[in-house]
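Enquirer: attaching a predicted model along with its sequence, questions to come.
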Amino acid sequence: MRISTKGRYAIRLMLDIASHSDGGNVSLKDVSKRQNISLKYLEQIVNILSKAGLLRSQRGAQGGYKMMRKPEEYTMGDILRVTEGEISPLSCLEDEINQYTGLSNYPTIKFWTGLYDTINNYLDGTTIADLMNNAEENGNNFCYYI
């Protein structure tokens, strides 16, 4: 299981918007400059995040992107599942469609299920606000290089 640049950049984008919004919209050009990420690639990512209801876009001179909720209401799991799909070490753990008969007889299923639960608990227990707080504690200037 690997997180692609799309997922990593989506987290950086959301962190940047959260830390620079001051209640207003954030220009994608500004995010692109601060994060050193291609504007074209960010446009693809904001499209995904907007369709999923994580961001709201506004056109015009005061346009840009704004988070739909508070930073503490966005988990890393929310963002990564939208950009990456289901986060699972094995496809048979994702949903009932992918499960095969005899799964309970699989000798290492307990291990894989534990790993799956640990990953999801960690992703769902870490918010944008948590990462912002960590950055502030470490004196980070909100340039998120993951």
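Expert: Arrived safely.
Enquirer: low-confidence ranges, this protein, go.
Expert: Low-confidence segments of the chain (pLDDT under 70): 94-105, 139-146.
Enquirer: can you map out the strands along it?
Expert: Using DSSP state E, the strands of the chain run over 55-58, 64-67.
Enquirer: so which residues of the protein form helices?
Expert: If DSSP state H is used as the criterion, the helices of the chain fall at 5-20, 28-35, 39-51, 76-84, 109-125, 128-137.
Enquirer: out of those, flag the one nearest Ser91.
Expert: Closest of these to Ser91 is helix 109-125, at 10.8 Å (criterion: C-beta to C-beta). Backbone N, C-alpha and C define where each C-beta goes, glycine included.
Enquirer: tell me the most buried of the strands of the chain?
Expert: Per residue and on average, the most neighbours among these fall to strand 64-67, with a mean of 20 (mean count of other C-beta atoms under 10 Å).
Enquirer: contact partners of that strand?
Expert: 14, 17-18, 21, 24-28, 30-31, 46, 50, 54-58, 74, 128 (C-beta atoms under 8 Å, 6 or more residues apart in numbering).
Enquirer: hmm, 6 Å instead?
Expert: With contact meaning C-beta atoms under 6 Å, 6 or more residues apart in numbering, strand 64-67 is reached by 17, 25-27, 46, 55-57.
Enquirer: residue closest to the middle of the protein?
Expert: Nearest to the mean C-alpha position of the chain, by C-alpha atoms, centre = their mean, lies Ile79 at 2.7 Å.
Enquirer: residues touching Asn47, list them.
Expert: By C-beta under 6 Å, 6+ apart, no residues touch Asn47.
Enquirer: gap between it and Gly85?
Expert: To Gly85, Asn47 is 16 Å away according to C-beta to C-beta, to the nearest Å.
Enquirer: returning to that earlier point: distance-wise, check the residue nearest to the centre of the chain relative to Leu131.
Expert: Per C-beta to C-beta, Ile79 is found 11 Å from Leu131.
Enquirer: what does Ser38 give?
Expert: 22 Å.
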